[in-house]
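Engineer: Fold the following.
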Amino acid sequence: MPEPTTPATFHATTILAVRHNGQTAIAGDGQVTLGNTVMKGRAVKIRKLHEGQVLAGFAGAAADAFTLFERFEGKLAEYRGSLTRAAVELAKDWRSDRILRRLEALLAVADRDHALLISGTGDVIEPDDGLVAIGSGGPYAGGICIYTNTHISVEVLGG
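Structural biologist: I've put the predicted structure just below:
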């Protein structure tokens, strides 16, 4: 019997969250690729959540990320906008729930006080420098990565 084929993986995301001088911004490129083919160049991978008080971006499977955005927004409402508490509670659910733990995405979330990375392995990380970069282009955050294009969406809080 032939071995099953592995589905092609989607790449092509650079999400960068920055907190600096009282402002918070999140930016995401618009490129979606399948293998070496650019399937879409103007995807929007960032959102304003919780009545515009929280910025969020995703890397990974879009349907999974939208599910996580909905869950995270519910946690933000439950914990009255506390970003860190909502992030920890989402990470706990994401790691322990049989359905959620199969979701393949990373989230970068930020408000005026915190910038966090949230993963399905239970990680909630707040970098010391106020910068969060996720996705295949995260380490590069620029034009040298074939999985990053010049269509950049940006949302800003403050200022």
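Engineer: From I125, how far out is T37?
Structural biologist: In this view, T37 and I125 are 32 Å apart by Cβ to Cβ, to the nearest Å. Backbone N, C-alpha and C define where each C-beta goes, glycine included.
Engineer: Those two: who's more crowded?
Structural biologist: Using other Cβ atoms under 10 Å as the criterion, T37 and I125 rank with I125 on top: 12 against 8.
Engineer: what sits against that one?
Structural biologist: By Cβ atoms under 8 Å, 6 or more residues apart in numbering, the contact set of I125 is 116-117, 132.
Engineer: now do 10 Å
Structural biologist: Going by Cβ atoms under 10 Å, 6 or more residues apart in numbering, I125 touches 87, 91, 115-119, 132.
Engineer: go on, L16?
Structural biologist: By Cβ under 10 Å, 6+ apart, the residues touching L16 are 25-29, 46, 57, 108, 115, 131-135, 137-138, 141-142, 152, 154.
Engineer: Sort out for me which of the contacts of I125 are in strands.
Structural biologist: Among those, the residues falling in strands (DSSP state E) are 115-118, 132.
Engineer: Dump the residues you listed to JSON lines, plus neighbour count and distance to E78.
Structural biologist: Output for the ones in strands among the contacts of I125, formatted as JSON lines (neighbours: other Cβ atoms under 10 Å; distance: Cβ to Cβ, whole Å):
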{"residue": "A115", "neighbour count": "25", "distance to E78": "21"}
{"residue": "L116", "neighbour count": "23", "distance to E78": "17"}
{"residue": "L117", "neighbour count": "22", "distance to E78": "21"}
{"residue": "I118", "neighbour count": "26", "distance to E78": "16"}
{"residue": "V132", "neighbour count": "26", "distance to E78": "23"}
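Engineer: What is the nearest of the residues you listed to G81?
Structural biologist: Using Cβ to Cβ, the shortest approach to G81 within the ones in strands among the contacts of I125 belongs to L116, at 13.9 Å.
Engineer: Now for the closest one: which residues touch it?
Structural biologist: 17, 56, 83-84, 86-88, 91, 107-110, 123-127, 132.
Engineer: hmm, try it at 6 Å
Structural biologist: Taking Cβ atoms under 6 Å, 6 or more residues apart in numbering as the contact definition, L116 lies against 87, 109, 124, 126.
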